[in-house]
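A.B. asks: no sequence on hand, only this structure:
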């Protein structure tokens, strides 16, 4: 694969070009799904179980509304298969006879009057014989109640390299720890929503707020037992996703389409916030146990890790979340003997799902907390410990991947420390903290994040991108990758424009519509810039090659001669299109059985430093300053890239300090924005972002993926800083002031004793 | 079902233009703006007055339109995001949100910009802390707020320069 | 929406006439920042409302030599900007500035907040410190109630179904140099519901406590005046032992609960810390 990037001076990559999507958004003209109206549209809502697990005996429709006017859909109305296909088909579209989690959808209702619908929903009653339910990782593993499969285990992995037990035998220090993370709600400001039309002759069309049109497409096909060509999914302007709109839209799309099918009308389904919070996916809660052996010099001898995530009631994407967490569990360090045993388990809560980071934030939280403790046991500062253990080019990561990048974690850590004044502050705070009303601390996390699908995942996806040229010499990019705030359309245009030496304004990205764009894979896994962007580049180059082979375009062309060439070609031959399909990286080998080999094409590397203050009167922790330094290959758009990091760090701050899901019998109790708190403009510190660039030859312009990276480092850096400030070790996030007080009082008791 | 007699006549000014229509008195101003007047720029994010995506200005005061019954909007002057630009000429705040990256997914942006212009009307030269306070009722999940602060500073400077 | 009636009476008399008519239970509707949230959550049982938002008789802040009187439908925005409030009732100014968000402050009213009777409301502790008095009106007349006795229990008030809160009267203090503090501990820095809300004023003569007022929110079913702590302090000399004792007494006087936002343990400890900090700083 030859690299034909045009290196003229008007390069687009690296420039803060005006966003393609900007004007529409600031004028209020951008049309999100709830902004789309059409006469005769019915509203659709969902009646859900309040029982976590049981046998559904009967559905009652109590009197009080004109039921004959209301469209009612139950499992019996499903024309095809009653399942929402993702990796597996265990999750029903509508519960038929078994309930497996609170808020499980049972009945769908549609009518043109949404107030009547609300009344109607309250009159739907379910007779459920309750069954014992399981609500935690511990309960699930204990196996007293089997709620899924034979043993409650969705998936497990076992990674082993070297001789872990022998290494423990000769360790100078062995340190154990257990770390847990709670669920986190994605809280995109635009709730889930879709519009559907469906009938047997024309098929099904869905317009929605979503990240992955082809996932929704794949789910609709078996539900309606229609051929693929009769299913169409269109992504409309989407107000945030963060993974929350990766798999869940398949469910709501099936629901809206079923109502449309039964009614013969267009149906719009928009969740209200409370429903969205309690019924849709959240980040998988996790429990990680570390046992680590180091030698007398503080060098890692062995890591033994047990990583468990709570997947909720159905398998959905848990195996993949588990996979990423497993691979990231040992971090950017060299350790010759590693064992990672991981499991995703079933509980009776709404299925957990994708949320930016996808297993890695959970695993990295545990690791980076744990290594601060290992450092302490070895008599080293946290940074000296890392310095002695960072991996280098040529060494193998835990899954056996040889690092083929020029990794300089020591230098990047030093730079992050200089930017945050880490060493000086550590000394000052240590001197000032005793007895202070406000204690200050500084902590860091060092980590990596693999971009793209794991192992052979990208090969399996076999993503395709198309580019078409118009008679005016403009380019149109056809991809299923969605713009959800991160700037997909902008960077694709930059990449294509740079590849052909054209002005950025002459490239546009068409709306992702499965009837019109090839499957470039889901907009997830930090793959859109690195994997799909590269396909955009090569497809664009394909257009040029076609024109040059035709003889109508020669070297040294400009935008105008390009346009003339396009017109000439199209007039003679018709549409001028090129496609590019992902081809596996030569030499990249991954063993799915042993879970060993080259997990990712490239990794981004990072060191994040958090400075906190802890108010000892109110036990509130505040992040005062945050430095986020990462090596990302190439920054395609400086404003968009910094924006990704800043936004991700803010979500990480929420994960660390504020966002707490309160559960009772499998149901989220605090499903209101008042009671599930995310940071406001008053809660975020200055978030200072810095990039290093070591170009990745397979990324467009050298770029690697960065979308999820920030979620890995913020929480452990903050909790490490809290320990630095107060001496208290927290092993769970979020760390709320109430948690802090509990730990502080325990220490006071110990001191008095 | 209630009949049209239950609706009331509402007359008010929206983005400088007089409008009149009938609506249920308790109907949320947010819904009336979006459905009756087809001004879909104002968004619903939570329906509980917590996210600010529905922020509009009523007689110069910032208000969460999801919490306002339309009866109380009678004879008021309302500004929504659609009233910021003058024809195709964008307001300084809109230009700033585009150029600084203050808008990512854009769903919080209309409300955020209204909060920003409202702040700048009361305080044309805010400090960063004053900007943070002024926007405290508008949640953003995408940006981490950094570029929003920058956008407001940028707009303040531009508006000051324009005099 | 169709099921809800919202009428706009032309003046206070008309509003009181409707409230007292016994036609069906009419409820007053001011800025709607509490009621609309309940309505949207489907938790609003009441269906017939009287909009009192524009009634002139209930709006505005007036001053006399003896008192500053705040009309019941005065918004937090107006309260926080008013010079007399800022100068003489800074705890209320702070409370108003920390209530909700700017958008909430433009629509939330003091009377509405009092009548909503949330134990976590931000202004009531300030009102208790300032010995506020409410004027209640109905079609049959008016009466005054000290705010300190207005709340009788969780969501139970000395307010008859045909009555409206007309205004809140704050007596102007004549003597003493009061040191005051307002501290709201919320779930985050902006737009937060309080977990503990502390308001206090103390008049010291040297180190002797001439008079003191301490009030808290979110630590009891109603906004609480810490009378036991006040009695402990009044007339005494402030020293570290007294301060510690004040903290213990406060911890015993309040009745905080566990809820979504916080724990009883946290509220009790923080309340204690806040009084100790305050007394230690004056």
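C.D. replies: Happy to help now that I have it. Fair warning: this is a prediction, and the values are worked out from it, not measured in the lab. Residues are numbered from 1 along each chain as shown, chains lettered A, B, ... in the order given.

A.B. asks: pull out the buried positions in stretch A:656-668.
C.D. replies: Residues of stretch A:656-668 classed as buried by neighbour count (16 or more other C-beta atoms under 10 Å in any protein chain shown): A:656, A:657, A:658, A:659, A:660, A:661, A:662, A:663, A:666, A:667, A:668. Any C-beta I mention is one placed from the backbone N, CA and C, and that applies to glycine too.

A.B. asks: try stretch A:441-460
C.D. replies: Across stretch A:441-460, burial judged by 16+ other C-beta under 10 Å covers A:441-458.

A.B. asks: ok, stretch C:113-125 next?
C.D. replies: So, applying 16+ other C-beta under 10 Å, buried residues of stretch C:113-125: C:113-125.

A.B. asks: rounded mean pLDDT for that stretch, please.
C.D. replies: Averaging pLDDT along stretch C:113-125 gives 96.

A.B. asks: and that stretch, how far out from the chain middle?
C.D. replies: Relative to its parent chain, stretch C:113-125 has a centroid offset of 5 Å by C-alpha atoms, centre = their mean, to the nearest Å.

A.B. asks: that stretch and chain B in contact?
C.D. replies: No. Stretch C:113-125 lies apart from chain B when judged by C-beta under 8 Å from any C-beta of the partner chain; the minimum separation is 13.4 Å.

A.B. asks: quick one: low-confidence ranges for the chain?
C.D. replies: The chain I'm using is chain A. Judged by pLDDT under 70, chain A has its weakly predicted residues at A:1-10, A:753.

A.B. asks: oops, wrong one, chain C.
C.D. replies: C:1-2, C:23-24, C:174.

A.B. asks: try chain B
C.D. replies: Counting by pLDDT under 70, chain B contains low-confidence ranges at B:1-5, B:163.

A.B. asks: any idea which helix is longest in it?
C.D. replies: Counting residues, the longest helix in chain B under DSSP state H turns out to be helix B:146-162.

A.B. asks: buried ones in it, by neighbour count?
C.D. replies: Buried residues in helix B:146-162 (16+ other C-beta under 10 Å): B:146, B:147, B:148, B:149, B:150, B:151, B:152, B:153, B:154, B:155, B:156, B:159.

A.B. asks: now stretch A:105-112
C.D. replies: When burial is assessed from 16+ other C-beta under 10 Å, stretch A:105-112 yields the following buried residues: A:105, A:106, A:107, A:108, A:109, A:110, A:111.

A.B. asks: contacting residues for residue A:298?
C.D. replies: Residue A:298 is in contact with A:375, A:378, A:379, A:380, A:384, A:385, A:388, A:389, counting by C-beta atoms under 8 Å, 6 or more residues apart in numbering or on different chains.

A.B. asks: report how many residues lie close to the residue nearest to residue A:327 when sequence neighbours are not counted.
C.D. replies: Counting by C-beta to C-beta, 6 or more residues apart in numbering or on different chains, residue A:327 lies nearest to residue A:599, which is 4.9 Å off, once chain neighbours are set aside. Neighbour count for residue A:599, taken as other C-beta atoms under 10 Å in any protein chain shown: 25.

A.B. asks: distance of residue A:599 relative to residue A:90?
C.D. replies: 27 Å (C-beta to C-beta, to the nearest Å).

A.B. asks: also residue B:38?
C.D. replies: With C-beta to C-beta as the criterion, residue B:38 and residue A:90 are 43 Å apart.

A.B. asks: more crowded one of the two?
C.D. replies: residue A:90 (19 against 10).

A.B. asks: pretty sure that one is touching residue A:314, no?
C.D. replies: Yes. Look at residue A:90 against residue A:314 with C-beta atoms under 8 Å: they come within range, at 5.2 Å.

A.B. asks: do you know how far the residue nearest to residue A:327 is from residue A:330?
C.D. replies: Counting by C-beta to C-beta, the gap from residue A:599 to residue A:330 is 11 Å.

A.B. asks: hey, what's in contact with both of the two?
C.D. replies: Shared contacts of residue A:599 and residue A:330 (C-beta under 8 Å, 6+ apart): residue A:397.

A.B. asks: the residue nearest the centre of chain B sits in which helix or strand?
C.D. replies: The residue lying closest to the centre of chain B (C-alpha atoms, centre = their mean) is residue B:56, at 3.1 Å. If you go by DSSP states H and E, residue B:56 is part of strand B:55-58.

A.B. asks: OK, contacts around residue 11?
C.D. replies: In the absence of a named chain, this looks at chain A. Neighbours of residue A:11 in contact, by C-beta under 8 Å, 6+ apart: residue A:498.

A.B. asks: chain C is the one I meant
C.D. replies: Applying C-beta under 8 Å, 6+ apart, one finds that residue C:11 lies in contact with C:55, C:56, C:57.
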